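J.: Give me a model of this one.
(one chain, ligands or ions: 1)
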Amino acid sequence: MHELDLLGVNHPAPRRRRSTGGLQGQGRAFVTPPIRIGIVGVGKIARDQHLPVLGASADFQLVASASRNATVEGLPGYPSLAEMLDAHPELEAVSLCTPPLGRWELAALALGRGKHVMLEKPPGATLSEVEDLRVLAERGGRALFATWHSRFAPCVEAARSWLAGRRLVSVRIDWREDVRRWHPGQAWIWEPGGLGVFDPGINALSIATRILPEPFFLKEGVLRFPENRATPIAADLLFQDVRGVRIDLGLDWLQTGPQTWAVRVETEDGVLLLSGGGGRLEIDGVVQCEAPEAEYARLYERFARLVRERRSDVDLSPLRHVADAFMLGRRETVAPFED
Ligand code: NAP
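T.: Below is the predicted model:
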């Protein structure tokens, strides 16, 4: 059995999802055909998450891939998105898993050809280009989903509910991980547009913008750039919410051993700790939620709903905070980084 069979991608016939939607009450059920989708950019996240999840999804039928060099065993593969779209007019949607630089060109092409589009995070290289994609999707009546996978971690919504309406005292966010473990040999991440440590740091911001009850803004920060790289390897940022609550964010890419992805919120009613990137929630040390991650399965469930309803979900707030950090943060040069 080859790799794709193991992933469940290479099914001989599309599976069908039973739905009781429009015919409910008439004693009949109709079958919703899966959405035919192509994947673009076969790299780490495509292999780790997108391919296995699409293989197991009843909402989607994976039809083909497009990647300059890589292919997926058992799946038709093309060196460019344009060639994949030409060869498979039946495609209804594409999922873009390439680095952020160059996403606008891919997404604009797919939307222009009438496809629904799902974007890996961060949704683009600039705020302006993602805003343009949102308009293109709206004009064409297509779904555009700018994903923030960390928001789909199992305990994020519980944290949001607990914090809603509470008075905060302070917030401390730490996203400290080992770049060599999570981004081995990824040259693009160190180039302009690759975001450096903000590539994972934007996940922290996607959670913070979802769970904190008030808007917040950057006040000051330090971005640390290795002397041989164009993007930061560490950052310390100070935000403040509209009530004056202090929010500290520490990002570090040189943490070996246990990895830290944690949000600690002190409130007048107790201390919330969301750890494991959103996989565990404690209030005053008592575990309220702990579950295995299923972020990408939930992302694709949401995308399926957006496609069927012809709606978009494009929230730029995490990317806006990162842009603010590059605009307002002080720059420091630190020791060179070698993979
Ligand atoms: P990756 O391993 O470098 O894979 C991206 C793939 O896109 C490459 O293998 C490459 O395949 C293709 N590609 C197309 N244009 C490219 C270009 N100009 N430069 C480099 N590669 C290009 O990166 P990744 O980790 O999968 O990340 C892709 C996106 O997913 C990023 O936005 C990242 O933030 C996001 N993401 C990553 C992770 C993770 O854990 N790695 C987690 C969540 C989200 P070809 O050479 O065949 O074209």
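J.: Next up, the contacts around residue 317.
T.: 205, 209 (Cβ atoms under 8 Å, 6 or more residues apart in numbering). For glycine as for every other residue, the C-beta is placed from the backbone atoms N, C-alpha and C.
J.: Renumber starting at 734 from here on
T.: In the new count, where the first residue is 734, that last one comes out as residue 1050.
J.: State the pLDDT value of it.
T.: Predicted confidence (pLDDT) for residue 1050: 98.
J.: Residues of the stretch 784-933 of the chain that sit close to the ligand?
T.: Residues of the stretch 784-933 of the chain found near the ligand (Cβ under 6 Å from any ligand atom) are 800-803, 830-833, 835, 853-854, 882, 915, 919, 921, 932.
J.: Would you mind checking these for buried ones?
T.: 800, 830, 831, 832, 833, 853, 854, 882, 919, 921, 932 (16 or more other Cβ atoms under 10 Å).
J.: nearest residue to the fourth one other than its sequence neighbours?
T.: Looking back up the chat, that one is residue 832. residue 921 (4.3 Å; Cβ to Cβ, 6 or more residues apart in numbering).
J.: Report whether the expected contact of the one you found with residue 836 is present.
T.: No. Taking contacts as Cβ atoms under 8 Å, residue 921 lies outside contact range of residue 836: 11.8 Å.
J.: Measure how far the strand or helix carrying residue 953 is from the centre of its chain, please.
T.: Per DSSP states H and E: residue 953 is located in strand 949-959. Offset of strand 949-959 from its chain centre (Cα atoms, centre = their mean, to the nearest Å): 22 Å.
J.: Would you mark the buried spots in it?
T.: 949, 951, 954, 956, 957, 958, 959.
J.: Give the burial count for residue 896, as a bare number.
T.: If you count neighbours by other Cβ atoms under 10 Å, residue 896 ends up with 20.
J.: One more: the one 5 residues further on?
T.: The burial metric for residue 901, expressed as a neighbour count using other Cβ under 10 Å, is 21.
J.: same question, residue 1054
T.: Other residues near residue 1054 come to 23 when the count uses other Cβ under 10 Å.
J.: before we move on, which element is it in?
T.: Assessed by DSSP H and E, residue 1054 sits inside helix 1050-1061.
J.: which residues in the stretch 734-883 of the chain form helices?
T.: Here the stretch 734-883 of the chain has its helices, by DSSP state H, counting those that start in this stretch, at 736-740, 777-778, 784-789, 814-820, 836-845, 860-873.
J.: so which of those helices comes closest to residue 1058?
T.: Ranking the helices of the stretch 734-883 of the chain by proximity to residue 1058 (Cβ to Cβ) places helix 860-873 first, at 12.9 Å.
J.: in that closest one, what counts as buried?
T.: 862, 863, 866, 867, 869, 870, 873.
J.: returning to that earlier point: separation between the residue nearest to residue 832 and residue 910?
T.: Going from residue 921 to residue 910 by Cβ to Cβ, to the nearest Å gives 18 Å.
J.: Do I have it right that residue 945 meets residue 972?
T.: No. In this structure, residue 945 is not within contact of residue 972 by Cβ under 8 Å, at 9.3 Å.
J.: between the two, what contacts are shared?
T.: Common neighbours of residue 945 and residue 972 (Cβ under 8 Å, 6+ apart) are residue 980.
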